[in-house]
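>>> below are the sequence and a predicted model; questions follow.
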Amino acid sequence: MKKGLIKRLGVVFLVIGLLAGCSSGGSSGGGKKVVVDVFNIKVETKDQLDALIKKYESENEGVDIKLTTVGGGQDASSALQAKFSSNEEPSIFLLGGLSDVEKYQKYLLDVSDMESAKTAIEGTLQGATIEDTPYGIPLNIEGFGWMINKEIFKAAGVDPSTIASYSDFVNAVETIDSKKEELGLQAVFGFSGKEDWVVSQFSNHFTAPEFENDLKIAYEASELNFKYGSRLKEYTDLVNQYNVQPILSLDYSTSVEELFTNDKVAIIHQGNWIVPSLDSIDPDFSKEKLGILPLFVKSDEEGFISAGPSWFWGINKEKDEEVVKASKDFVDWMYTSDYGKQQIVDEFKYIPAHDGYDIESMQDPVSKEVYQMLLDGKSSVWAHNQYPNGFSSTALFPEYQKYLNGDIKWDELEKTTIKQYTEMR
């Protein structure tokens, strides 16, 4: 009697166990899915990242990747800090440079054993490396400078290839301005004076050479002396004179997606990351209209854009072991698998920061030009990402806006921000 009961109970428990296994989330091993939280700030490629994640999940049924994207006018840095303050730390998140690496270092995994670190182009790990330990995988290569509408230049009778000095640039601006009505322009420039990150990037052209074009020197610098401040002032005054007004109200969306894409301004200060946005509105824009011009800072003989890894994927080592492994596997797959590499170039429109890519497959000429200028040494590093934490948004940006608005003089801007730089370092 007891043996029969035990046997029947055994069958019942076996069935219950099998049913439980069948309803456990659909992972191949019958267990719960590994959840990987990704914190992304690249709003312009959010859809592409969403699609890439869906593809990865379809091939890895035991992994559930949850994407959070903050940016495009939102304070991504504060949003990320809030995640950590509320114990909702992401598994993978973007780092903006050595200051971010230092800030989150206790959470960050040494990525040196990852395939995506081993295939990174020489020098591209520097912006996330402290004491010879790399803590981030480069997102891509991004270059920025004056993004121009070549068709407008041509219609105005200006050949961009002949602009070989600051005075040449001024002449081009004045020529376009003199014909803005017949060209249908609102203004020559569409500089986004409302965006602190645009101002920060613009400043980079003038501070990188002061820091010897070296990320480590920039990161360790206790002083900013505006060695090339006079040229920064000249460019600033030129922009403000020929910009859509009010310049302080001009945001990214209006500048790029309304004015520039619709041929209402000829020049904006942006980088090749705007290509997906442009092409989503006008599929031929980046191939037929888009160009890039350097800035002349140290001399009128040589112009430079700024180029290099913009952001780095950091992996949270404090997560459970299986989450850390899944995070590493996803990032490696994104940059080293055949499918991932194809998506990086064709869909994200990124300039890859890794070996093993077909550069000729890049669809827009500007990305090729940025990549070539980087290889030719015609670019400055992303030194502004090494400014003291908060300097760009709470010190430089407010003072720069005051100057644009005519509230302070240039020497006041320099004096105040020089003092704040040292104090914040």
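Nice, I can see it. Numbers count the residues shown, from 1 in each chain.

>>> need the longest strand for the chain.
strand 141-149 (DSSP state E).

>>> which strands or helices does that strand pack on?
strand 267-271, strand 290-293, strand 305-309, helix 365-375 (3 or more Cβ pairs under 8 Å, 6 or more residues apart in numbering; DSSP states H and E). In this view, the C-beta of every residue, glycine as well, is placed from N, C-alpha and C.

>>> pairing partners for the third one, with directions?
Strands that pair with strand 305-309, judged by DSSP bridges, come out as strand 141-149 (antiparallel), strand 379-380 (parallel).

>>> show the subsequent helix or strand relative to it.
Next along the chain after strand 305-309, taking DSSP states H and E as the criterion, comes strand 312-315.

>>> with adjacent residues omitted, what lies nearest to the residue nearest the centre of the chain?
Nearest to the mean C-alpha position of the chain, by Cα atoms, centre = their mean, lies S310 at 4.7 Å. Excluding its sequence neighbours, the residue lying closest to S310 (Cβ to Cβ, 6 or more residues apart in numbering) is E142, at 4.1 Å.

>>> what does E301 give?
S165 (7.5 Å).

>>> coming back round to it: so how far is the longest strand of the chain off the chain centroid?
Distance of strand 141-149 from the chain centroid (Cα atoms, centre = their mean, to the nearest Å) equals 12 Å.

>>> picking up where we left off before, for the strands paired with strand 305-309, which one sits closest to P160?
When these are compared by Cβ to Cβ, strand 141-149 sits nearest P160, at 6.3 Å.

>>> list the buried ones in the closest one?
I141, E142, G143, F144, G145, W146, M147, I148, N149 (16 or more other Cβ atoms under 10 Å).

>>> would you point out the most distant pair within those residues?
Among the buried residues of strand 141-149, the pair separated by the greatest distance (Cβ to Cβ) is I141 and N149, at 23.1 Å.

>>> okay, domains of the protein per the record?
Domain ranges of the chain: 32-140+310-356, 142-308+368-424, per automatic domain parsing.

>>> so what does the nearest residue to L108 once chain neighbours are set aside look like in phi/psi?
Spatially, and ignoring its direct neighbours in sequence, L108 is nearest to Y135 (4.1 Å; Cβ to Cβ, 6+ apart). Dihedral pair for Y135: phi -120, psi 10, per degrees, to the nearest 10.

>>> so what's Y135 up against?
L95, V101, Q105, L108, L109, D110, V111, A128, T129, F312, G314 (Cβ atoms under 8 Å, 6 or more residues apart in numbering).

>>> out of those, who's nearest T45?
Lowest distance from T45 to the contacts of Y135 (Cβ to Cβ) belongs to F312, with 15.4 Å.

>>> any idea how far Y56 is from the closest one?
F312 sits 20 Å away from Y56, taking Cβ to Cβ, to the nearest Å as the criterion.

>>> which of the two has more neighbours?
Using other Cβ atoms under 10 Å, the more surrounded residue of F312 and Y56 is F312, with 29 against 20.

>>> per-residue pLDDT, the nearest residue to the more buried one once chain neighbours are set aside?
Take F312 and drop its neighbours on the chain: the residue closest to it by Cβ to Cβ, 6+ apart is G136, 2.8 Å away. We have a pLDDT of 98 for G136.

>>> my read: G136 touches D110, true?
No: with contact defined as Cβ atoms under 8 Å, G136 does not count as touching D110 (10.3 Å).

>>> out of those two, which sits in the more crowded spot?
Between G136 and D110, G136 has the larger neighbour count (other Cβ under 10 Å), namely 30 against 12.

>>> give the full set of residues in contact with the more buried one.
L95, V101, L108, V111, L125, G127, A128, F312, W313, G314.

>>> what about it, distance to N385?
From G136 to N385 the distance is 12 Å (Cβ to Cβ).

>>> swap in K194?
Counting by Cβ to Cβ, the gap from K194 to N385 is 20 Å.

>>> who's more crowded, those two?
In this view K194 and N385 are compared by other Cβ under 10 Å, and N385 has more residues nearby, 25 against 19.

>>> tell me the one of the contacts of G136 nearest P160?
The closest of the contacts of G136, once distances to P160 are taken by Cβ to Cβ, is G127, at 29.8 Å.

>>> the closest one: neighbour count?
G127 is flanked by 28 other residues according to other Cβ under 10 Å.

>>> which pLDDT value belongs to it?
pLDDT, G127: 93.

>>> thought it was touching W382?
Yes: with contact defined as Cβ under 8 Å, G127 reaches W382; the gap is 6.7 Å.

>>> list residues touching both of the two?
With Cβ under 8 Å, 6+ apart, G127 and W382 have common neighbours G97, L215, G308, P309.

>>> got the contact list for the residue nearest to Q186 when sequence neighbours are not counted?
Nearest non-adjacent residue to Q186, counting by Cβ to Cβ, 6+ apart: K264, 4.7 Å away. Applying Cβ under 8 Å, 6+ apart, we find K264 in contact with G184, L185, Q186, G190, V244, E258.

>>> out of these, give me the one that has the most neighbours.
G190 leads the contacts of K264 on contacts (other Cβ under 10 Å) with 27 neighbours.

>>> how about that residue, phi and psi?
phi -130, psi 50.

>>> list the buried residues for stretch 245-254?
I247, L250, D251, Y252, T254.

>>> what's the answer for stretch 418-425, then?
I418, Q420, Y421.

>>> do you know how far the last one is from E223?
Just to be clear, that refers to Y421. From Y421 to E223 the distance is 7 Å (Cβ to Cβ).

>>> now swap in the first one and tell me
When Cβ to Cβ is the yardstick, I418 and E223 sit 7 Å from each other.

>>> also the second one?
Distance, Q420 to E223, by Cβ to Cβ: 11 Å.

>>> low pLDDT regions in the stretch 251-400 of the chain?
Scanning the stretch 251-400 of the chain for pLDDT under 70 picks out no residues.
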